[in-house]
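*Asks:* What follows is a predicted protein model with its sequence.
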Amino acid sequence: MLKKLGFKIKRNLFPVITCSLALIILLIFLFANNGIENLRQLIPQIQGVWLLAALATAVLTMLLEGLTLHLFCRHLYSKWTYGRSFSVGMTGLLYSAITPFSTGGQPMQIYAMRKMGMDTGKAGSIIAMKTLSYQVIMVTYALILMCLQLGFFIKNVTNLAFITIIGLISNAAFIGLVFLFTISAKGTDRILHFLLRWLYRFHLCRHPLRRYHSIHQQLSMFHNSSKLMGRSWKLYVPVVLLTILQISLTGSIPYMIYRSFGLPAENVQLITMLAAQQFVMMVSAFVPLPGASGGAEGSFLMFFRTFFQDTITPAILLWRLITYYLNILLGAIFSSWGGKRYTDEKKIASLENEA
């Protein structure tokens, strides 16, 4: 009994350490900014309907994550079920939350799909195209919102994070390279060589050859995946619409938290908070800790303080609980459920025969 318990603790040691670290950072924010007292004063006036709406919205984004992934899976496997897609989607959310730079989500999704009977190459192509589609839509969405609301944040946010702009530019540049690579691989290689050589001369890239091979490998992966998936508008139009809805719902959660505090609705516009959420995502993407711990809280503090004022610390607490810890909790439950439910040998065999 003790050996089994010790094995389980050892196997789950990394997630436990990750969650503990994120929780410690969150508690530091809570205690350092008089958050406990603010939270105590706020609890009696919290409007439960808006808080429940925020929770329901978070769950809906998870369902949409599974549905978007399901569209890609059904494109290659007609017998693939939504339950599988939802479980794989939750696996991605879980491991993205507990690994640095969210690096563990995609490999674990491919592993989960292989265990369910999908060919590894096709699983990798599905995850690659799902990731690329999400990145393209997110960056476009962020660019539009930031152009519309940039003046507001320059005026109201002290020391507007320059890293946000760098994040947008770097993401947009990589997406541009992916599309260029599909048109002309040789031309893209020349551009990549030129850029890395220029960056090396100005001491902005220490290992240009290593960086080139890394980027080229990613470009090749996306290119091969796009060839396998095809270019059917019947696939990508619903994917685009569902992803826009998913990003919009995620961005609306801070607004729902704001309304749950009973703060005046006329003082804030939903579109402004959606833009603020995009700023937070761009800054958090550069934080190497699991769940962007510290960076997520700090960027939320920077961009949402102007809305929440004295209630900013309780807002950070609720926002992290709903958008981060809920992913870990439900991700662990449904990832485990999917692993047990969809690894039946007969079901796997039927999928492998279809492949």
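*Replies:* Done, it's in.

*Asks:* For the rest of this, base every contact and every neighbour count on C-alpha atoms.
*Replies:* OK.

*Asks:* lowest confidence element among the helices and strands of the chain?
*Replies:* Least confident element among the helices and strands of the chain, by mean pLDDT, DSSP states H and E: helix 2-11 (a mean of 50).

*Asks:* could you say what helices and strands the helix or strand following it packs with?
*Replies:* Note on helix 2-11: by DSSP states H and E, the next helix or strand toward the C-terminus is helix 13-32. Applying 3 or more CA pairs under 8 Å, 6 or more residues apart in numbering; DSSP states H and E, we find helix 13-32 packed against helix 82-98, helix 312-320.

*Asks:* Columns mean pLDDT, distance to residue 243 and mean neighbour count on top of those helices, output as TSV?
*Replies:* As requested, the helices and strands packed on helix 13-32 are exported to TSV (pLDDT from 0 to 100; distance: least, CA to CA, whole Å; neighbours: other CA atoms under 10 Å):
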stretch	mean pLDDT	distance to residue 243	mean neighbour count
helix 82-98	94	13	26
helix 312-320	91	21	22
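
*Asks:* Figure out which of these is closest to residue 210.
*Replies:* helix 82-98 (24.9 Å; CA to CA).

*Asks:* mean confidence for stretch 265-272?
*Replies:* The average of the pLDDT scores along stretch 265-272 is 89.

*Asks:* and it, how far apart are its ends?
*Replies:* 12 Å (CA to CA, to the nearest Å).

*Asks:* any low-confidence regions in the stretch 1-150 of the chain?
*Replies:* Low-confidence segments of the stretch 1-150 of the chain, defined by pLDDT under 70: 1-14, 16, 32-35.

*Asks:* Can you name the element that comes right after whichever strand or helix holds residue 150?
*Replies:* Assigned by DSSP H and E, residue 150 falls within helix 120-156. Scanning forward in sequence from helix 120-156 by DSSP H and E, the next helix or strand is helix 162-183.

*Asks:* Using neighbour counts, pick out the buried residues of that following helix.
*Replies:* For helix 162-183, the buried set under the neighbour-count rule, 16 or more other CA atoms under 10 Å, comprises 164-165, 167-168, 171-172, 174-175, 177-178, 180-182.

*Asks:* Export only the CA atoms of the helix or strand that comes right after that helix, formatted as PDB.
*Replies:* Next helix or strand after helix 162-183 toward the C-terminus (DSSP H and E): helix 185-201. Coordinates of each C-alpha in helix 185-201 appear next as PDB, following Å, rounded to 0.1, in the frame of the first residue of the first chain:
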ATOM      1  CA  ALA A 185      10.700  26.500 -49.700                       C
ATOM      2  CA  LYS A 186      14.000  27.700 -51.300                       C
ATOM      3  CA  GLY A 187      12.900  31.300 -51.200                       C
ATOM      4  CA  THR A 188      12.000  31.100 -47.600                       C
ATOM      5  CA  ASP A 189      15.300  29.400 -46.800                       C
ATOM      6  CA  ARG A 190      17.100  32.400 -48.400                       C
ATOM      7  CA  ILE A 191      15.100  34.900 -46.300                       C
ATOM      8  CA  LEU A 192      15.700  32.900 -43.200                       C
ATOM      9  CA  HIS A 193      19.500  32.700 -43.800                       C
ATOM     10  CA  PHE A 194      19.500  36.500 -44.400                       C
ATOM     11  CA  LEU A 195      17.600  37.300 -41.300                       C
ATOM     12  CA  LEU A 196      19.600  35.100 -39.000                       C
ATOM     13  CA  ARG A 197      22.900  36.300 -40.400                       C
ATOM     14  CA  TRP A 198      21.700  39.900 -39.800                       C
ATOM     15  CA  LEU A 199      20.600  39.100 -36.200                       C
ATOM     16  CA  TYR A 200      24.000  37.400 -35.600                       C
ATOM     17  CA  ARG A 201      26.000  40.400 -36.700                       C
END
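
*Asks:* Would you mind reformatting the helices and strands packed on helix 13-32 (as a markdown table) and adding columns for distance to residue 104 while you're at it?
*Replies:* Below are the helices and strands packed on helix 13-32 laid out as a markdown table (distance: least, CA to CA, whole Å):
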| stretch | distance to residue 104 |
| --- | --- |
| helix 82-98 | 5 |
| helix 312-320 | 20 |
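
*Asks:* Out of those, which gets nearest to residue 220?
*Replies:* That would be helix 82-98 among the helices and strands packed on helix 13-32, by CA to CA, at 22.5 Å.

*Asks:* Now do the closest one: which elements does it pack against?
*Replies:* The helices and strands touching helix 82-98, judged by 3+ CA pairs under 8 Å, 6+ apart, are helix 13-32, helix 48-76, helix 105-115, helix 326-341.

*Asks:* Report all helices and strands that the shortest one contacts.
*Replies:* With contacts defined as 3+ CA pairs under 8 Å, 6+ apart, the packing partners of helix 105-115 are helix 82-98, helix 120-156.

*Asks:* can you list these in JSON lines and add distance to residue 108?
*Replies:* Below are the helices and strands packed on helix 105-115 laid out as JSON lines (distance: least, CA to CA, whole Å):
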{"stretch": "helix 82-98", "distance to residue 108": "7"}
{"stretch": "helix 120-156", "distance to residue 108": "10"}
